[in-house]
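Trainee: build me a model from this:
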Amino acid sequence: MLLHPTALEAATTTGGFLLVLSIVVPVSGVLLAFVLGDRYVRLVAFAVVPLGLAIAAATLAILPQSDGPLVYLLGAWPPPLGVALRGDGLSAVMLATTALVISAIAVFATTDFCPAAAETRAPFAFWVLLLAIWGALNTIFIGGDLFTLYVALELLTFAAVPLVSLDGRAETLRAALRYLIFALLGSVLYLLGTALLYGLYGTLDIVLLSRRVSAEAAALVAAALMTTGLLAKTALFPLHLWLPPAHAGAPAAASAILSGLVVKGSFFIIIRLWFNVMPALPGFAATQLLATLGTAAIVFGSVVALWQERLKLLIAYSTLAQIGYLFLMFPLAFDASGRLESDEALAGGLLQAVSHATAKAAMFMAVGSIYVALGHDRITELRGIARARPMSLLAFALGGIALMGVPPSGASLAKDLLLQAAEESGQWWWAVVLQAGGMFTAAYVVLVLAHALAASDVSIAVTGPASRNQDLAALALALCSLLLGLVPWDPYLPVPFATAPKVFGIESLSKLLLPVLGGAVLAILLSPWPHPLASSTTWKALASAARPLRRAGIEFGRLVERSDDVLRQWPMAGISLLVVALLLAALMLAVN
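Mentor: Below you'll find the model as predicted:
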């Protein structure tokens, strides 16, 4: 049930009150936490979490029974005089995903952010920011006009930035400031576009705009500015200036929030802008540009991930690659004239976002547990961790397997939908990218597992006992991502249940073996680190045969890593932001 333009709402629908509750409950939790103080902040959070989860579940249950999207008119005034909250299938899915991930992160963070045992304000800040991010994300998912989305996006940014620097160290403060400044640049571009649209059409309501927007130059420039600003907040290549340093020093729970949820807020607004506000305007060439940037992100992020010494930075760069994967849906959803043609491609892109949110949050939490156990997260020194922290490594492995697109994961179903759209539209090159993306994902997952599962003659030194709550939270999210393909999505998204992946059979086996084998080859050729089996006779023979290819791969990896250093400098980041905006505007204007 998607939010296509319909008759303008005259009253709040049955169940519309759930939309208000999804915002009011976490915001009330923030206010109550300030009133009660440090000692009770975690109790407030754990009172809000199950309530928010219940509201998301109720929204999922009620939406299929309604005739259209759920609607709540604030003050009973319909647009354009008033503001409407709207919840369609996309909203319901993202509300439920956010509630699920927030719940798992809250369980994981119980050990790390215990107010009674801490001497700093970090626990209080974490729980308040967690609820604030939840409220901001829910507002984004159900906001019915572009200015409401802007306000929610700014609340999300100002709640997410402090998570980066919870420990107060100078380097994390610098990373947080870098994130804030670049995000604010994106906000300025988004607000400029919003002002242009309001000046042209006298409203920012999504449904009203979808009827009034026409292919005039100012509207297309507004779309280019807004999209570029949102891409900066999403950290799509080459606008990823803030993402790696933000993850480098942030706590595991904070990284899980940033990677799993925060970047989805701006991505969701792009979906609203392109598919609901102006589904016939951006043009086919502009969609090709977005997917090209996504392809570059997959290759660039994956290669740099393979060059990281630290496991957490590897996952951070894999986030950059997976963000690129989300943008492959745009050319597959629009036809050559730029009009929306395939709802299935849209569903595939959203399912990929859901799968990424659950899997990546699980992987960051698992890495956090591994770091606590070893006192470091150096990839080449992970030998023996499988015995010391088996559940943490299992959660990491299952999350990585889910991201590869192995049945019955949500990523597998998303890939099937996108491949089907690529075949129907004749855009075979994106099908190649989709398959290669799974191999690149497998490359860094295989690399980590090869080191973690390698035999060790020396017993590993563990700093403390494992936290069962943390391991179970990460494992639950990883399993959720791995089983998302079995969920009947058709009441919310245009996903035929017959498309659900088969768990057993030759086809399923090939979907497992193809990315794993391809990923193993890529890991060998592109990673500069010595393989755990480097001393074996068989490995030496293989290495000798593949030495020219590996030498070329290492040189390519070194070139990509140096390029990353250049792109993450402020002058080049600013130039990249300007170039992306100009390219989008030029392509939109040229086609229309």
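Trainee: what is the mean pLDDT for the helix or strand hosting F147?
Mentor: Using DSSP states H and E, the element containing F147 is helix 146-164. This predicted structure assigns helix 146-164 an average pLDDT of 95.
Trainee: next structured bit after that helix?
Mentor: Per DSSP H and E, the first helix or strand lying C-terminal to helix 146-164 is helix 170-201.
Trainee: re earlier: helices or strands next to the helix holding F147 in the packing?
Mentor: Counting contacts by 3 or more C-beta pairs under 8 Å, 6 or more residues apart in numbering; DSSP states H and E, helix 146-164 is packed against helix 122-142, helix 170-201, helix 217-234, helix 252-257, helix 263-271. C-betas here are computed from N, CA, C, even on glycine.
Trainee: if you count neighbours, what's buried in it?
Mentor: Of the residues in helix 146-164, those buried by neighbour count under the rule 16 or more other C-beta atoms under 10 Å are 146-150, 152-164.
Trainee: low pLDDT regions in the stretch 401-550 of the chain?
Mentor: Low-confidence regions of the stretch 401-550 of the chain, defined here as pLDDT under 70, cover residues 456-459, 461-466, 497-505, 507-508, 531-545.
Trainee: quick one: find the helix or strand in the chain with the lowest mean pLDDT.
Mentor: Across the helices and strands of the chain, the lowest-confidence element by mean pLDDT, DSSP states H and E is helix 537-545, at a mean of 64.
Trainee: please identify the buried residues of whichever strand or helix holds P26?
Mentor: Applying DSSP H and E as the criterion places P26 in helix 17-36. Buried positions in helix 17-36, judged by neighbour count with 16+ other C-beta under 10 Å: 18-19, 21-23, 25-30, 32-33.
Trainee: ok, the residues you listed vs S510, which is closest?
Mentor: S22 (41.0 Å; C-beta to C-beta).
Trainee: check the offset of stretch 580-592 from the chain's centre.
Mentor: In this view, stretch 580-592 has its centroid 26 Å away from the chain centroid, taken as C-alpha atoms, centre = their mean, to the nearest Å.
Trainee: mind exporting that stretch as CSV, just the C-alpha atoms?
Mentor: Included here for stretch 580-592 are C-alpha records, laid out as CSV according to Å, rounded to 0.1, in the frame of the first residue of the first chain:
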residue,chain,number,x,y,z
VAL,A,580,27.1,16.3,-7.9
ALA,A,581,24.5,19.1,-7.6
LEU,A,582,25.5,20.6,-11.0
LEU,A,583,25.4,17.2,-12.7
LEU,A,584,22.0,16.3,-11.3
ALA,A,585,20.6,19.7,-12.3
ALA,A,586,22.2,19.5,-15.8
LEU,A,587,20.8,16.0,-16.5
MET,A,588,17.3,16.9,-15.3
LEU,A,589,17.2,20.1,-17.3
ALA,A,590,18.7,18.5,-20.4
VAL,A,591,16.1,15.7,-20.5
ASN,A,592,13.1,17.9,-19.7
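Trainee: so where do the helices sit in the stretch 401-550 of the chain?
Mentor: Counting by DSSP state H, counting those that start in this stretch, the stretch 401-550 of the chain forms helices over residues 410-425, 428-452, 468-483, 506-526, 537-545, 547-567, given from the N-terminal end onward.
Trainee: pick the most buried one from those helices.
Mentor: With neighbours defined as mean count of other C-beta atoms under 10 Å, the helices of the stretch 401-550 of the chain peak in mean count at helix 410-425, which reaches a mean of 24.
Trainee: so what touches that one?
Mentor: Contact partners of helix 410-425, identified using C-beta atoms under 8 Å, 6 or more residues apart in numbering, comprise 328-329, 331-333, 335, 341-342, 344-345, 347-349, 351-352, 354-356, 358-359, 402-406, 428, 430-431, 434, 438, 481, 484-485, 487, 489, 495, 499-501, 511.
Trainee: show me where the stretch 201-350 of the chain has its strands.
Mentor: For the stretch 201-350 of the chain, no strands are identified by DSSP state E, counting those that start in this stretch.
Trainee: pLDDT weak spots in it?
Mentor: Across the stretch 201-350 of the chain (using pLDDT under 70), the flagged ranges come out as 280, 336-342.
Trainee: nearest to S369, out of the helices of the stretch 401-550 of the chain?
Mentor: Each of the helices of the stretch 401-550 of the chain was checked against S369 via C-beta to C-beta, and the shortest separation belongs to helix 468-483, namely 5.3 Å.
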